[in-house]
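S.K.: I need the structure of the sequence given here:
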Amino acid sequence: MISLKVLAALDCYLWLEHGNEVAIRLKTTQSTISRHIKSALKELQIELYPAIGSHYSELIGDITLLVEERRVHQLARLSGKAEKRIEANYWSGPIFLDQISNDWIPGTFSIMGMNRPLQLLKDRVIDAWIGSYQPDLPDNNSDWWVLDLLTMPVHILVSSNHPLARIKSLTKGDLDAFPSLALPEGWFPKSEAILRNQGLWSDTVRKKRYDPSIWEGRCEDDVTMSFGHSLSQTQNPGLVRLDWDLGLTSGEALVVRRDLQINPEINKIAEYLQNKAKIIASKYNDVILA
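M.R.: The predicted model follows:
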(Lines give C-alpha, C1' and ligand atoms only; values in the text may rest on other atoms or scores of the structure.)
Protein backbone atom coordinates (compact mmCIF):
# COMPACT_ATOMS: atom_id res chain seq x y z
CA MET A 1 0.00 0.00 0.00
CA ILE A 2 1.22 3.50 -0.86
CA SER A 3 1.67 5.72 2.17
CA LEU A 4 -0.95 8.38 2.88
CA LYS A 5 1.60 11.18 2.40
CA VAL A 6 2.86 9.91 -0.94
CA LEU A 7 -0.52 9.47 -2.59
CA ALA A 8 -1.80 12.70 -1.02
CA ALA A 9 0.95 14.59 -2.86
CA LEU A 10 -0.11 13.18 -6.23
CA ASP A 11 -3.85 13.55 -5.72
CA CYS A 12 -3.61 17.03 -4.23
CA TYR A 13 -1.49 18.07 -7.19
CA LEU A 14 -4.15 16.78 -9.58
CA TRP A 15 -6.72 18.73 -7.55
CA LEU A 16 -4.88 22.02 -6.87
CA GLU A 17 -2.53 22.00 -9.90
CA HIS A 18 0.30 23.93 -8.26
CA GLY A 19 3.06 22.43 -6.16
CA ASN A 20 3.22 25.41 -3.83
CA GLU A 21 -0.51 25.13 -3.07
CA VAL A 22 -0.06 21.43 -2.32
CA ALA A 23 2.93 22.09 -0.10
CA ILE A 24 1.04 24.72 1.91
CA ARG A 25 -1.93 22.46 2.53
CA LEU A 26 0.12 19.37 3.31
CA LYS A 27 2.49 21.42 5.50
CA THR A 28 5.68 20.43 3.74
CA THR A 29 8.04 21.68 1.02
CA GLN A 30 7.64 21.74 -2.74
CA SER A 31 10.69 19.50 -3.11
CA THR A 32 9.06 16.91 -0.84
CA ILE A 33 5.86 17.11 -2.87
CA SER A 34 7.80 16.58 -6.08
CA ARG A 35 9.62 13.59 -4.59
CA HIS A 36 6.37 12.02 -3.35
CA ILE A 37 4.69 12.48 -6.73
CA LYS A 38 7.56 10.75 -8.52
CA SER A 39 7.45 7.93 -5.96
CA ALA A 40 3.68 7.46 -6.38
CA LEU A 41 3.92 7.38 -10.18
CA LYS A 42 6.73 4.85 -10.05
CA GLU A 43 4.93 2.57 -7.58
CA LEU A 44 1.66 2.74 -9.53
CA GLN A 45 3.48 2.37 -12.87
CA ILE A 46 1.65 5.30 -14.44
CA GLU A 47 2.65 8.64 -15.94
CA LEU A 48 1.51 12.20 -15.31
CA TYR A 49 0.59 14.30 -18.32
CA PRO A 50 0.82 17.92 -17.18
CA ALA A 51 -1.94 20.49 -17.58
CA ILE A 52 -1.85 22.50 -20.79
CA GLY A 53 -4.12 25.46 -21.45
CA SER A 54 -7.72 24.53 -20.69
CA HIS A 55 -6.88 20.86 -20.06
CA TYR A 56 -6.26 19.43 -16.60
CA SER A 57 -3.38 17.12 -15.74
CA GLU A 58 -4.06 13.51 -16.65
CA LEU A 59 -2.76 10.15 -15.55
CA ILE A 60 -1.70 7.77 -18.30
CA GLY A 61 -1.59 4.02 -17.85
CA ASP A 62 -3.45 1.30 -15.96
CA ILE A 63 -5.06 3.00 -12.94
CA THR A 64 -6.66 -0.14 -11.48
CA LEU A 65 -4.35 -0.15 -8.47
CA LEU A 66 -4.76 3.60 -8.03
CA VAL A 67 -8.54 3.26 -7.86
CA GLU A 68 -8.24 0.71 -5.05
CA GLU A 69 -5.63 2.76 -3.21
CA ARG A 70 -7.84 5.84 -3.35
CA ARG A 71 -10.77 3.94 -1.89
CA VAL A 72 -8.67 2.80 1.07
CA HIS A 73 -7.07 6.20 1.54
CA GLN A 74 -10.44 7.95 1.57
CA LEU A 75 -11.63 5.61 4.30
CA ALA A 76 -8.45 6.44 6.20
CA ARG A 77 -9.13 10.17 5.91
CA LEU A 78 -12.72 9.74 7.02
CA SER A 79 -11.58 7.76 10.05
CA GLY A 80 -9.23 10.53 11.20
CA LYS A 81 -5.89 9.25 9.91
CA ALA A 82 -5.37 12.24 7.58
CA GLU A 83 -7.04 15.53 6.68
CA LYS A 84 -10.22 15.38 4.63
CA ARG A 85 -10.57 17.51 1.49
CA ILE A 86 -13.29 19.94 0.46
CA GLU A 87 -13.70 22.23 -2.54
CA ALA A 88 -16.07 25.14 -3.17
CA ASN A 89 -16.78 28.07 -5.47
CA TYR A 90 -14.91 31.37 -5.26
CA TRP A 91 -17.78 32.97 -3.27
CA SER A 92 -19.09 29.98 -1.28
CA GLY A 93 -15.65 28.89 -0.09
CA PRO A 94 -14.77 32.07 1.82
CA ILE A 95 -18.30 32.38 3.23
CA PHE A 96 -18.90 28.76 4.28
CA LEU A 97 -15.40 27.54 5.10
CA ASP A 98 -13.84 30.51 6.88
CA GLN A 99 -13.98 28.62 10.19
CA ILE A 100 -13.61 25.06 8.94
CA SER A 101 -11.75 22.80 11.38
CA ASN A 102 -8.09 21.94 10.81
CA ASP A 103 -8.92 18.34 9.92
CA TRP A 104 -10.31 19.55 6.58
CA ILE A 105 -8.14 20.82 3.71
CA PRO A 106 -9.93 23.50 1.66
CA GLY A 107 -9.28 23.97 -2.04
CA THR A 108 -8.35 27.15 -3.87
CA PHE A 109 -12.04 27.92 -4.61
CA SER A 110 -11.14 28.62 -8.23
CA ILE A 111 -12.41 25.65 -10.27
CA MET A 112 -15.01 26.78 -12.79
CA GLY A 113 -17.93 24.59 -13.78
CA MET A 114 -19.25 21.35 -12.32
CA ASN A 115 -17.52 18.66 -14.33
CA ARG A 116 -14.14 18.89 -12.63
CA PRO A 117 -15.38 18.91 -9.00
CA LEU A 118 -17.73 16.01 -9.73
CA GLN A 119 -14.89 14.06 -11.33
CA LEU A 120 -12.65 14.72 -8.32
CA LEU A 121 -15.44 13.45 -6.06
CA LYS A 122 -16.00 10.40 -8.21
CA ASP A 123 -12.28 9.59 -8.20
CA ARG A 124 -12.14 10.05 -4.38
CA VAL A 125 -9.50 12.76 -4.76
CA ILE A 126 -11.69 15.11 -2.70
CA ASP A 127 -14.30 14.13 -0.15
CA ALA A 128 -16.86 16.93 -0.35
CA TRP A 129 -17.85 19.83 -2.58
CA ILE A 130 -20.07 22.85 -2.04
CA GLY A 131 -21.85 23.03 -5.39
CA SER A 132 -23.22 26.42 -6.34
CA TYR A 133 -25.06 25.82 -9.57
CA GLN A 134 -28.71 25.06 -9.09
CA PRO A 135 -30.68 24.14 -11.17
CA ASP A 136 -27.81 22.28 -12.83
CA LEU A 137 -26.52 20.38 -9.81
CA PRO A 138 -27.03 16.60 -9.98
CA ASP A 139 -30.13 15.14 -8.38
CA ASN A 140 -30.01 12.83 -5.40
CA ASN A 141 -29.44 9.46 -7.03
CA SER A 142 -27.39 6.29 -6.75
CA ASP A 143 -24.15 8.24 -7.40
CA TRP A 144 -24.58 11.45 -5.39
CA TRP A 145 -25.99 12.70 -2.13
CA VAL A 146 -26.96 16.36 -2.56
CA LEU A 147 -27.91 18.34 0.54
CA ASP A 148 -29.44 21.71 -0.35
CA LEU A 149 -28.26 24.57 1.88
CA LEU A 150 -29.42 27.89 0.38
CA THR A 151 -31.34 29.25 -2.59
CA MET A 152 -31.31 32.77 -4.08
CA PRO A 153 -32.30 34.60 -7.28
CA VAL A 154 -29.71 35.31 -9.98
CA HIS A 155 -29.43 38.88 -11.30
CA ILE A 156 -27.81 40.66 -14.24
CA LEU A 157 -24.82 42.57 -12.86
CA VAL A 158 -23.11 45.53 -14.50
CA SER A 159 -20.71 48.35 -13.75
CA SER A 160 -22.30 51.28 -11.96
CA ASN A 161 -21.48 53.31 -15.10
CA HIS A 162 -23.38 50.97 -17.44
CA PRO A 163 -25.98 52.84 -19.56
CA LEU A 164 -28.77 50.64 -18.15
CA ALA A 165 -27.67 50.77 -14.51
CA ARG A 166 -30.35 53.21 -13.32
CA ILE A 167 -33.15 52.55 -15.78
CA LYS A 168 -36.36 51.02 -14.44
CA SER A 169 -38.67 48.58 -16.27
CA LEU A 170 -36.10 47.46 -18.82
CA THR A 171 -37.18 45.66 -21.97
CA LYS A 172 -35.56 42.81 -23.87
CA GLY A 173 -34.63 45.32 -26.55
CA ASP A 174 -32.65 47.30 -23.99
CA LEU A 175 -30.64 44.20 -23.06
CA ASP A 176 -30.08 43.12 -26.67
CA ALA A 177 -27.82 46.11 -27.25
CA PHE A 178 -25.15 44.83 -24.85
CA PRO A 179 -22.95 41.71 -24.65
CA SER A 180 -23.46 39.28 -21.78
CA LEU A 181 -20.86 36.89 -20.41
CA ALA A 182 -21.20 33.13 -20.90
CA LEU A 183 -19.32 29.99 -19.94
CA PRO A 184 -18.59 27.25 -22.50
CA GLU A 185 -21.62 25.60 -24.07
CA GLY A 186 -22.98 22.67 -22.07
CA TRP A 187 -21.34 23.53 -18.75
CA PHE A 188 -24.71 24.52 -17.25
CA PRO A 189 -27.36 23.38 -19.73
CA LYS A 190 -30.44 24.32 -17.70
CA SER A 191 -29.21 27.76 -16.69
CA GLU A 192 -27.83 28.35 -20.16
CA ALA A 193 -31.22 27.58 -21.75
CA ILE A 194 -33.02 30.03 -19.44
CA LEU A 195 -30.55 32.80 -20.29
CA ARG A 196 -30.36 32.10 -24.01
CA ASN A 197 -34.15 32.25 -24.25
CA GLN A 198 -33.81 35.87 -23.13
CA GLY A 199 -31.12 36.68 -25.68
CA LEU A 200 -28.38 36.50 -23.06
CA TRP A 201 -25.28 34.27 -22.61
CA SER A 202 -23.55 35.61 -25.73
CA ASP A 203 -19.88 36.36 -24.97
CA THR A 204 -18.12 33.10 -24.07
CA VAL A 205 -15.36 33.07 -21.47
CA ARG A 206 -13.01 30.10 -21.72
CA LYS A 207 -11.08 29.53 -18.52
CA LYS A 208 -10.78 26.46 -16.28
CA ARG A 209 -9.88 28.46 -13.15
CA TYR A 210 -11.70 31.49 -11.82
CA ASP A 211 -10.05 34.81 -12.52
CA PRO A 212 -11.99 37.98 -11.68
CA SER A 213 -10.43 39.75 -14.65
CA ILE A 214 -12.17 37.42 -17.10
CA TRP A 215 -15.56 37.38 -15.37
CA GLU A 216 -16.74 40.33 -13.24
CA GLY A 217 -13.70 42.29 -14.35
CA ARG A 218 -15.02 42.28 -17.89
CA CYS A 219 -17.83 44.56 -16.69
CA GLU A 220 -15.30 47.33 -16.20
CA ASP A 221 -15.74 48.21 -19.87
CA ASP A 222 -19.12 49.69 -18.77
CA VAL A 223 -21.05 47.72 -21.41
CA THR A 224 -20.62 44.00 -20.66
CA MET A 225 -23.26 42.29 -18.50
CA SER A 226 -22.45 39.51 -16.03
CA PHE A 227 -24.56 37.31 -13.75
CA GLY A 228 -24.50 36.84 -10.00
CA HIS A 229 -26.42 36.92 -6.74
CA SER A 230 -26.11 38.22 -3.21
CA LEU A 231 -23.29 35.86 -2.25
CA SER A 232 -21.19 36.38 -5.37
CA GLN A 233 -21.66 40.13 -5.05
CA THR A 234 -19.75 40.03 -1.76
CA GLN A 235 -16.64 39.41 -3.87
CA ASN A 236 -17.46 42.25 -6.25
CA PRO A 237 -19.51 44.86 -4.37
CA GLY A 238 -18.90 47.47 -7.07
CA LEU A 239 -21.30 45.78 -9.48
CA VAL A 240 -24.98 46.72 -9.47
CA ARG A 241 -28.13 44.84 -10.45
CA LEU A 242 -30.23 45.64 -13.48
CA ASP A 243 -33.99 45.96 -13.15
CA TRP A 244 -34.72 42.65 -14.87
CA ASP A 245 -36.15 39.36 -13.60
CA LEU A 246 -34.16 36.48 -15.07
CA GLY A 247 -36.46 33.84 -13.62
CA LEU A 248 -33.34 31.93 -12.59
CA THR A 249 -32.64 30.61 -9.10
CA SER A 250 -29.23 29.47 -7.91
CA GLY A 251 -28.14 28.03 -4.59
CA GLU A 252 -25.58 26.21 -2.50
CA ALA A 253 -25.52 22.48 -1.72
CA LEU A 254 -23.20 19.92 -0.20
CA VAL A 255 -22.38 17.21 -2.74
CA VAL A 256 -20.68 13.92 -1.81
CA ARG A 257 -20.57 10.39 -3.14
CA ARG A 258 -23.70 8.47 -2.21
CA ASP A 259 -21.65 5.70 -0.58
CA LEU A 260 -20.32 8.23 1.96
CA GLN A 261 -23.67 9.63 3.04
CA ILE A 262 -23.83 7.79 6.37
CA ASN A 263 -20.19 8.37 7.26
CA PRO A 264 -19.95 10.21 10.63
CA GLU A 265 -17.43 12.75 9.30
CA ILE A 266 -19.65 13.57 6.34
CA ASN A 267 -22.57 14.02 8.71
CA LYS A 268 -20.44 16.39 10.81
CA ILE A 269 -19.54 18.58 7.84
CA ALA A 270 -23.17 18.54 6.72
CA GLU A 271 -24.27 19.80 10.16
CA TYR A 272 -21.54 22.45 10.14
CA LEU A 273 -22.62 23.72 6.71
CA GLN A 274 -26.30 23.75 7.67
CA ASN A 275 -25.48 25.89 10.71
CA LYS A 276 -23.40 28.24 8.55
CA ALA A 277 -26.27 28.43 6.05
CA LYS A 278 -28.59 29.67 8.81
CA ILE A 279 -26.17 32.46 9.67
CA ILE A 280 -25.63 33.41 6.03
CA ALA A 281 -29.36 33.45 5.23
CA SER A 282 -30.00 35.80 8.14
CA LYS A 283 -27.75 38.43 6.54
CA TYR A 284 -29.46 38.71 3.15
CA ASN A 285 -33.06 39.54 2.27
CA ASP A 286 -33.18 37.30 -0.81
CA VAL A 287 -31.11 34.32 0.43
CA ILE A 288 -33.42 31.54 1.61
CA LEU A 289 -32.52 28.62 3.87
CA ALA A 290 -33.18 25.38 2.01
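S.K.: phi first, then psi, for T64.
M.R.: For T64, the backbone dihedrals (degrees, to the nearest 10) come out as phi -60, psi -50.
S.K.: how long is stretch 156-167 end to end?
M.R.: 13 Å (Cα to Cα, to the nearest Å).
S.K.: what pLDDT, on average, does that stretch get?
M.R.: Stretch 156-167 shows a mean pLDDT of 95.
S.K.: buried stuff in it?
M.R.: Neighbour counts over stretch 156-167 (16 or more other Cβ atoms under 10 Å) mark I156, L157, V158, S159, H162, L164 as buried. For the C-beta atoms, the positions are set from N, CA and C on the backbone; glycine is no exception.
S.K.: same question for stretch 202-209.
M.R.: Neighbour-count burial for stretch 202-209 [16+ other Cβ under 10 Å]: K208, R209.
S.K.: name the residues that touch that stretch?
M.R.: With contact meaning Cβ atoms under 8 Å, 6 or more residues apart in numbering, stretch 202-209 is reached by 17, 54-56, 108, 110-113, 116, 179-185, 214-215, 218, 224.
S.K.: try 10 Å
M.R.: 17, 51, 53-56, 90, 108-113, 115-116, 176, 178-185, 195-196, 211, 213-215, 218, 224-226 (Cβ atoms under 10 Å, 6 or more residues apart in numbering).
S.K.: first-to-last residue distance for that stretch?
M.R.: End-to-end distance (Cα to Cα), stretch 202-209: 20 Å.
S.K.: how far off centre is it?
M.R.: Per Cα atoms, centre = their mean, to the nearest Å, the displacement of stretch 202-209 from the mean C-alpha position of its chain is 15 Å.
S.K.: go on, stretch 66-81?
M.R.: Worked out by Cα atoms, centre = their mean, stretch 66-81 lies 22 Å from the chain centre.
S.K.: same thing with stretch 264-280?
M.R.: That offset, for stretch 264-280, works out to 17 Å (Cα atoms, centre = their mean).
S.K.: that one - what's its average pLDDT?
M.R.: On average, stretch 264-280 scores 98.
S.K.: that older thread, from the buried residues of stretch 156-167, which single one is nearest A40?
M.R.: Of all the buried residues of stretch 156-167, L157 has the smallest distance to A40: 43.0 Å, by Cβ to Cβ.
S.K.: residues touching the closest one, list them.
M.R.: L157 touches 181, 216, 219, 224-229, 232-233, 236, 238-242, counting by Cβ under 10 Å, 6+ apart.
S.K.: same question, I156
M.R.: 162, 164, 170, 175, 178, 180, 195, 198, 200, 225-228, 239-246, 248 are the contacts of I156 under Cβ under 10 Å, 6+ apart.
S.K.: okay, now the unreliable bits of the stretch 51-200 of the chain?
M.R.: Along the stretch 51-200 of the chain, segments meeting pLDDT under 70 span 54.
S.K.: helices of that one, residue ranges please.
M.R.: Using DSSP state H, counting those that start in this stretch, the helices of the stretch 51-200 of the chain run over 64-77, 92-96, 115-122, 172-176, 189-196.
S.K.: closest one to Q45 among those helices?
M.R.: helix 64-77 (7.9 Å).
S.K.: which other residues reach the closest one?
M.R.: Under Cβ under 10 Å, 6+ apart, the answer for helix 64-77 is 1-4, 6-8, 10-11, 40-41, 43-46, 59, 63, 81-85, 103-105, 123-127, 257, 259-260, 263, 265.
S.K.: give the buried residues for that helix.
M.R.: Using 16+ other Cβ under 10 Å as the test for burial, helix 64-77 gives L66, E69, R70, H73, Q74, R77.
S.K.: OK, contacts around S191?
M.R.: So S191 contacts Y133, Q134, P135, D136, V154, L183, W201, F227, L246, L248, T249, S250 (Cβ under 10 Å, 6+ apart).
S.K.: related to what we said a few turns ago, which of the buried residues of helix 64-77 lies closest to D98?
M.R.: R77 (21.7 Å).
S.K.: how close does that closest one get to T28?
M.R.: 17 Å (Cβ to Cβ, to the nearest Å).
S.K.: same deal with G173?
M.R.: From G173 to T28 the distance is 58 Å (Cβ to Cβ).
S.K.: please say which of the two ends up with more neighbours.
M.R.: T28 (16 against 8; other Cβ atoms under 10 Å).
S.K.: thanks a lot, see you next time.
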